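Novice: got a sequence here, can you model it:
(chains A, B and C, ligands or ions: 2)
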Amino acid sequence: MSIEEIYDAKHDAGGELIAGATGDWEIIIGMEVHAQIASRAKLFSGAPTDFGGEPNDHVSLVDAAMPGMLPVINNFCVEQAVRTGLGLKAEINLYSVFDRKNYFYPDLPQGYQISQFKYPIVGRGEVRVDLPDGGTRVVRIERLHLEQDAGKSLHDQHPSMSYVDLNRSGVALMEIVSQPDIRSAEEATLYLEKLRTILRYLGTCDGNMQEGSMRADINVSVRKPGTSLGTRCEIKNVNSMRFIRQAIDYEARRQIDILEDGGEIHQETRLYDPGKGETRAMRSKEESHDYRYFPDPDLLPLELTQPWVDDIARGLPELPDEKKARFIDAFGLSPYDASVLVAERETADFYEAVARGRDPKIAANWVITNLFGALNEIGKTIAESPVSAEQLGSLLDLLADKTLSSRLAKDVFEIMFETGDDPQKIVEDRGLKQVTDTGAIEAAIDRVMAENPDKVEEVKAGKDKLLGWFVGQVMKATQGKANPQIVNEMLRGKFDL
Amino acid sequence: MSDLIELDLAAARDGLRAKEFSAVELTEAYLAEMARGEALNCFITQVPERAVEMARASDGRLADGTAGMLEGIPLGIKDLFCTKDVLTTAASHILDGFTPAYESTVSANLWGAGAVLLGKLNLDEFAMGSSNETSYYGGVVNPWRRKDDDAPLVPGGSSGGSAAAVAARLCLAATGTDTGGSIRQPGALTGTVGMKPTYGRCSRWGIVAFASSLDQAGPMTRSVRDAAILLQAMAGHDTMDSTSVDRPVPDYSAALTGDIRGLRVGIPAEYRVDGMPPEIEKLWQAGQQWLRDGGAELIDINLPHTKYALPAYYIVAPAEASSNLARYDGVKYGLRMPGKDLIEMYENTRAEGFGAEVKRRILIGTYVLSAGYYDAYYLRAQRVRTLIAEDFRAAYDKVDVILTPTTPGPAFAIGARTDDPISMYLNDVFTVPANLAGLPGISVPAGLSESGLPLGLQLIGRAFDEETLFRAAGVLEQAAGFAARPQTWWKD
Amino acid sequence: MTVDNETVRRIARLARIAVKDEELPPLAGELNAILGWVEQLNEVDIAQVAPMTSAVQTTLKQRDDAVTAGHIPDDILKNAPETELGFFVVPKVVE
Ligand SMILES: [Mg+2]
Ligand SMILES: [Zn+2]
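Specialist: Ligands and ions are numbered 1, 2, ... in the order given. Below you'll find the model as predicted:
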């Protein structure tokens, strides 16, 4: 078996199958993700990369391909490509070459895109995708290369003309190409989410899909399990998780229907139309392209040194997979909780600040259940949380030293979330301290027993279950401040249980 | 004031500094010559008002002691250099009306040194040609004529307007660009000095690109000293050009010591091509003798891959050009021809906007880069290019400079070679190798052909050793004593 | 490798240059002459030779990540054959 076949066989396992009239079909997906590098200036010019702006305002003479203009590469972008490569556990190529990809399009002002073809800056790597069933899908990365983004054509402004805005022209992109290792629409979105997490950890791309900072080209084919790969179609530039799912499901179904009708799939580039929920062949790509790649004579080969790469590797942050493993090993968290916490670097940092010196599992519970729940309700992110990690930590301390019962703690948390106040202050202002004074509790118990002689008799007659009712009444009598554990113990004493 | 135009750059500079005449006077003298020289068709655009204004500013700086090294020197600029707010055409219809909002680094360096812009000089369209016959604005006429023959001759190309303007005294000096000989060959054909510096010596920023790995700007002047002075101002590191080299610019004039004793001069056997006219061979022999007389040592060398330089060039240059010229698409600047859809607009614009030679080269370049042919043509040519560069490297272990003829013959009649592209390409047989290897080369007027036309000798130097080149060229110039001048028939 | 009329048509299409039918044969002739002439490169043994990557011995120059350009929409658009509302305008593109 070749390496490819071994991988293939491994990837067959666990793939979700689609039922067709002639039996089950397997979807084979490879993705080319374009991730915009979080740089201030463009890849080969000093124009700004800010999103939006007036048309043709973020454009330099170079980006507009004025005669005689020349590219000079942005060193920050090179560094981010290397950082990303290291984050993808990939080979870094110390020698890479910028090529021209030649084709005519109005938003491509040079008539070519500067890209990397034969010698990309980053070679093979991998992304580990956690699947909902607890398994892991290893998606192999084929390569990552640096290239320029194109401008934007607007087709709906005028009946017979298109408008061209070059603001994005020349923005630095990393094209991250996967092997066809993805087996379902859900896996495709999980892969993209994981990739996004890694990029955001590294800070090399902001991952903002609405603003086009991340776009995916999806290669989809179908086959009967165990047979060789089918002809693929490429769905261009899908820019939301929902559309990715819809586009893949539609496209797989379309291909299966064609094949089951005895037809064949033509390799082509397609466009997903979210309005119609379908993919269609792109007119502009009908002509088979001959890009006439050749090394850009305006640029020399990009040569890096191993010590420089090693230096970058040393400065890499802890990445989500490592962080997750540490959360499981060191904190005893469940893999699920650990995945949730590491999905964003900010969340993981927040959690770690809460957990520091405290029970990590209780901390995880509070962050995931209470804090995330509350944030979700008001649609805010962890960065905008009204409760800081220190404040949540203090609340857990009050819980640990029994100042608060867990019920009281939940109440205090709600107030914290609304007001942003420290828990100590809330407890003091509102007198929410847990009552552990046995005298006060005993008095309350006696009062409840005296007021309910019939129930007392029932318990004494053996109806133990009513004990809970008594606990509730005592708690109520103390406005919930009594320590429920003490109440329970003292009641059992009274009833000789 | 017509005697002012007889001063070379060095003499004019000294005269201006000594206040013997003003920059305005000097500029006006040239503007008058330009007006009388219309028949030569050297200029695509003339900017007399701007020139006088710049000269006036120069006079101010000459008066207050802030003069630059080229203060008040009236220059012509090849119309391949983008000049801010001045029409820039590359002699192509496709750049109709294009007025850049920026100034090329080289021309900016010249204005920074105080030079005065007279106008934009004619050239072969996009610098593709060796006779200046491919210009959309019509051919340039060589000021030289054969003796007893009024037939109009080509000035060479692509910097034909620059060469002819310098030879006819329509400007004091000019800029050119050299991709395969486009400075040196017209220099030789017009009796002027043309210098192509080392690739990377002058910034390419703001120069309309033809073949990026070969293009290099350089001076075109009446003397070697003038070339040294002009290059001094043009050259320098530019952070906007990734292929510009960060090295200090030496004092090139100081290199003109006249002393070449012990200089090792290589004579490459492979430049003695089949069918080389005897007068070229004779001139080359004379050049060797002049250098020997100066105390140089002549050494026979081999540059075995020389014969492959021209075919390799005619793959590499069109390939790069086909890509460089893709930006002329009727969208951002220049000509647009209507079409029923976008693709037709592109096709009509480019069919109308480019001339025959440019189209031919774009097609060749597109073909050699296309799927299935890249390895056989482009990659092979780039490998041959490596061998050519290695030939030179090996030679420079033994010699300091190489002497060759600049061209296989003198200026030819307009229209004589337009039907046969390859016979036209052969004009550059001696100049192309230096471009492929990125080396500096200079053509010095060295004698007259039997028909009374100027001929040039070429020196090729080591990378970034322009100083040695100037030193040897100065001796050659001195020994040749080339003093012939064309009849000023265009003034009649 | 001979270039026929169809090849010229395909290449011209790739290069986005309109070529009339009657122009195809002469163009094919010219291209064949040039391609035939450059065939002599096949005589050269290049098996062990690396292609030249640059005529200049230096390393790739890099710029810092600083915004030093842009905000010149008038300069960008001033030479355009057709503009509207700050955009370049082209015949409608069907994606
Ligand atoms: Mg792609
Ligand atoms: Zn891409």
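Novice: A:E344 and A:I382 touch, don't they?
Specialist: Yes - contact criterion Cβ atoms under 8 Å: A:E344 and A:I382 qualify, at 6.6 Å. Bear in mind the C-beta positions are built from the backbone N, C-alpha and C, glycine included.
Novice: tell me the centre residue of the chain?
Specialist: I went with chain A, as the question did not name one. Centroid-nearest residue in chain A: A:E193, 3.7 Å away (criterion: Cα atoms, centre = their mean).
Novice: actually it's chain B I care about, not the one you picked
Specialist: Central residue of chain B (Cα atoms, centre = their mean): B:I183, 2.0 Å from the mean position.
Novice: need the contact list for that one.
Specialist: The contact partners of B:I183, by Cβ atoms under 8 Å, 6 or more residues apart in numbering or on different chains, come to B:S159, B:S162, B:G176, B:T177, B:G194, B:M195, B:K196, B:G218, B:M220, B:S443.
Novice: check the gap between the residue of the stretch 251-400 of chain B found nearest chain A and A:A65 for me.
Specialist: Across the stretch 251-400 of chain B, no residue is closer to chain A than B:A326, which sits at 2.4 Å (Cβ to the nearest Cβ). B:A326 sits 9 Å away from A:A65 when distances are taken as Cβ to Cβ, to the nearest Å.
Novice: then A:C77?
Specialist: Distance of A:C77 to A:A65, computed by Cβ to Cβ: 19 Å.
Novice: show me which of these two is the more surrounded one.
Specialist: A:C77 (25 against 22; other Cβ atoms under 10 Å in any protein chain shown).
Novice: quick check: the more buried one touching A:Q148?
Specialist: No - checked against Cβ under 8 Å, the pair A:C77 and A:Q148 is beyond contact range at 10.3 Å.
Novice: for these two, list the residues in contact with both.
Specialist: The contact sets of A:C77 and A:Q148 overlap at A:L43, A:A172 (Cβ under 8 Å, 6+ apart).
Novice: stretch A:133-143: how far from the chain's middle?
Specialist: Here the centre of stretch A:133-143 is set off from its chain's centre by 15 Å, with Cα atoms, centre = their mean, to the nearest Å.
Novice: now what about that stretch, what contacts it?
Specialist: Applying Cβ under 8 Å, 6+ apart, the external contacts of stretch A:133-143 come out as A:7, A:11, A:14, A:88, A:90, A:120, A:122-131, A:176-179, A:181-183, A:187, A:190-191, A:335.
Novice: ok, of those, which come out buried?
Specialist: By neighbour count, with 16 or more other Cβ atoms under 10 Å in any protein chain shown, the contacts of stretch A:133-143 hold A:7, A:11, A:88, A:90, A:120, A:122-123, A:125, A:127, A:129-130, A:176-179, A:181-183, A:187, A:190-191 as buried.
Novice: from the residues you listed, which ones fall inside strands?
Specialist: Among the buried ones among the contacts of stretch A:133-143, the residues falling in strands (DSSP state E) are A:G125, A:V127, A:V129, A:D130, A:I176, A:V177, A:S178.
Novice: now check the lowest-mean-pLDDT helix or strand in chain B, is it near chain C?
Specialist: None of the helices or strands of chain B scores lower by mean pLDDT, DSSP states H and E than helix B:421-425, at a mean of 83. Yes - counting by Cβ under 8 Å from any Cβ of the partner chain, chain C is contacted by helix B:421-425 at B:P421, B:I422.
Novice: next secondary structure after that helix?
Specialist: Toward the C-terminus, helix B:421-425 is succeeded by helix B:432-437 as the next helix or strand (DSSP states H and E).
Novice: just the C-alpha atoms of that following helix, please, in PDB.
Specialist: What follows is helix B:432-437, C-alpha atoms only, in PDB (Å, rounded to 0.1, in the frame of the first residue of the first chain):
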ATOM      1  CA  VAL B 432      22.600  41.000 -26.000                       C
ATOM      2  CA  PRO B 433      25.000  38.800 -24.000                       C
ATOM      3  CA  ALA B 434      25.800  41.600 -21.600                       C
ATOM      4  CA  ASN B 435      22.100  42.000 -20.800                       C
ATOM      5  CA  LEU B 436      21.600  38.200 -20.300                       C
ATOM      6  CA  ALA B 437      24.500  38.200 -17.800                       C
END
